[in-house]
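Peer 1: Predicted model, plus sequence, below.
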Amino acid sequence: MESPIVELDLPGWGQAEPHAEWTRAVESGKVLLFPRLAFELEPDERALLREDMLAPGSRNVSLGADGVLKGAGGSAQEQARLAAMVGRFRAQALALVDGLFPEYRGALRVAPTSFRPRRVETRRQSVRADDKRLHVDAFPTRPNYGERILRVFANVNPDGAPRVWRVGADFESVARQFLPRAKPYSRWQAKALQALHVTKSLRSEYDHLMLQLHDLMKRDETYQTQGTQWRAPFPAGSCWVCYSDAAVHAVMSGQYMMEQTLHLPPGREVNPAASPLQILTRLVGRPLVGVEAGAEKLS
Ligand code: SIN
Ligand code: FE
């Protein structure tokens, strides 16, 4: 099987141009790696690369579209500097995506931007929350009905430490492997979860299956150690882009990363047939998001 990492030689954030083969690659679950695309820090931002810039109990620092910074530690002055730094990354990440994928213009929804100062190696988490295990991203509380999760990452480690990922085989092979073990969808249970405010809206069968894949993969020791996978060290000073709902991934080591998520409505891809929604729909043989999706979104 060919490597899921596609290395591309782009010199600047604002210099991206569309290439049909890059779009096809990212939409089929590959990771686009830009080794020369560094997020440059201002001299007075170097001091913000500290673990205690994270507030106790937070997983990462995030900057909302409204400019409000959440989860940050440090002094008020440091937080203001950090907000400016994260905001600058957001602008560069959006310019990159706009240049690479003009087909998505007007359709993307920009999620908060994050700064992740924690060291991956020493993080202790439950199996389900452990991103050191191969998984596809799926949200337990926010059903998305097939909306895509496009992510831009930048390794800003000041000591040259790579951010090391493992990347798995293509979504369809992994889905074929785990779907037979997925618990059947229960609409009754989805309604109960919504009534209890565990989910923010009714979990669709699509959301249920994505969570099942996420959990089954993470729990499968043999898959984790022996399943088809590639080691992907993303160098300090590089940037990478993937659909994290389709690219099977795990993070093994590294510290200090910037991340921008963008959401694309289902069907707005250049090739919607490569999406997890359409792949799962084909494999299961019935629609996985129903009338509930539209109805719930209105409420
Ligand atoms: C993840 O999305 O699973 C984690 C990515 C990272 O922290 O590098
Ligand atoms: Fe993830």
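Peer 2: It's in. Ligands and ions are numbered 1, 2, ... in the order given.

Peer 1: Please make it C-alpha for all contacts and neighbour counts, starting now.
Peer 2: OK.

Peer 1: and the residue in the chain positioned nearest to ligand 1, how many neighbours does it have?
Peer 2: Nearest to ligand 1 in the chain, going by C-alpha to the nearest ligand atom, is D131, at a distance of 4.5 Å. Number of residues near D131 (other C-alpha atoms under 10 Å) recorded here: 20.

Peer 1: Quick check: it touching S244?
Peer 2: No - in this structure, D131 is not within contact of S244 by C-alpha atoms under 8 Å, at 12.0 Å.

Peer 1: coming back round to it: show me what contacts the residue of the chain closest to ligand 1?
Peer 2: Neighbouring residues of D131 by C-alpha atoms under 8 Å, 6 or more residues apart in numbering: 250-251.

Peer 1: Report the secondary structure element holding it.
Peer 2: According to DSSP states H and E, D131 maps onto no helix or strand at all.

Peer 1: Around ligand 1, which positions in the stretch 151-299 of the chain sit nearby?
Peer 2: By C-alpha under 6 Å from any ligand atom, the residues of the stretch 151-299 of the chain that approach ligand 1 are 250-251.

Peer 1: 5 Å instead?
Peer 2: V251 (C-alpha under 5 Å from any ligand atom).

Peer 1: Check what pLDDT the residue of the chain closest to ligand 1 gets.
Peer 2: As predicted, D131 sits at a pLDDT of 96.

Peer 1: sec struct for V86, please.
Peer 2: Under DSSP: H, G, I helix; E, B strand; the rest coil, the three-state class of V86 is helix.

Peer 1: tell me the contacts of it?
Peer 2: 63, 113-115, 258.

Peer 1: try it again with 10 Å
Peer 2: 61-64, 67, 69, 92, 112-115, 258-260 (C-alpha atoms under 10 Å, 6 or more residues apart in numbering).

Peer 1: Please apply the same query to R231.
Peer 2: Residues in contact with R231 (C-alpha under 10 Å, 6+ apart) are 3, 5, 164-168, 249-252.

Peer 1: What residues are bridge-paired with it?
Peer 2: Legend: beta-bridge partners of R231 under DSSP bridges are R166.

Peer 1: looking at it, H208 is touching K183, isn't it?
Peer 2: Yes - under the criterion of C-alpha atoms under 10 Å, H208 makes contact with K183 at 8.8 Å.

Peer 1: Compare those two (neighbour count), which wins?
Peer 2: Applying other C-alpha under 10 Å to H208 and K183 shows that H208 carries more neighbours, namely 24 against 10.

Peer 1: Please give the element, helix or strand, for that one.
Peer 2: H208 belongs to helix 205-219, assigned by DSSP H and E.

Peer 1: Kindly export stretch 259-267 (C-alpha atoms) in CSV.
Peer 2: Output in CSV follows, covering the C-alpha atoms of stretch 259-267 (Å, rounded to 0.1, in the frame of the first residue of the first chain):
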residue,chain,number,x,y,z
GLU,A,259,-4.1,23.6,15.1
GLN,A,260,-7.0,25.0,13.1
THR,A,261,-10.2,23.1,12.4
LEU,A,262,-12.6,23.9,9.5
HIS,A,263,-15.9,22.2,8.9
LEU,A,264,-17.2,21.5,5.4
PRO,A,265,-20.9,20.5,4.9
PRO,A,266,-21.3,16.9,3.6
GLY,A,267,-21.5,16.8,-0.2
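
Peer 1: And the residue nearest the centre of the chain?
Peer 2: Centroid check for the chain by C-alpha atoms, centre = their mean gives S244 as the closest residue, at 4.0 Å.

Peer 1: How much space separates it from D170?
Peer 2: S244 is 12 Å from D170, where distance means C-alpha to C-alpha, to the nearest Å.

Peer 1: overlap in contacts of the two?
Peer 2: Here S244 and D170 share the contacting residues 29-30, scored by C-alpha under 10 Å, 6+ apart.

Peer 1: for ligand 1, what are the nearby residues on the stretch 1-150 of the chain?
Peer 2: D131.

Peer 1: tell me the strands in the stretch 1-150 of the chain, going along the chain?
Peer 2: Using DSSP state E, counting those that start in this stretch, the strands assigned to the stretch 1-150 of the chain run over residues 5-7, 31-34, 61-63, 69-70, 109-116, 148-155.

Peer 1: Pairing partners for the fourth one, with directions?
Peer 2: By that I understand strand 69-70. strand 61-63 (antiparallel).

Peer 1: Could I get the average pLDDT for the partner strand?
Peer 2: Mean predicted lDDT for strand 61-63 stands at 98.
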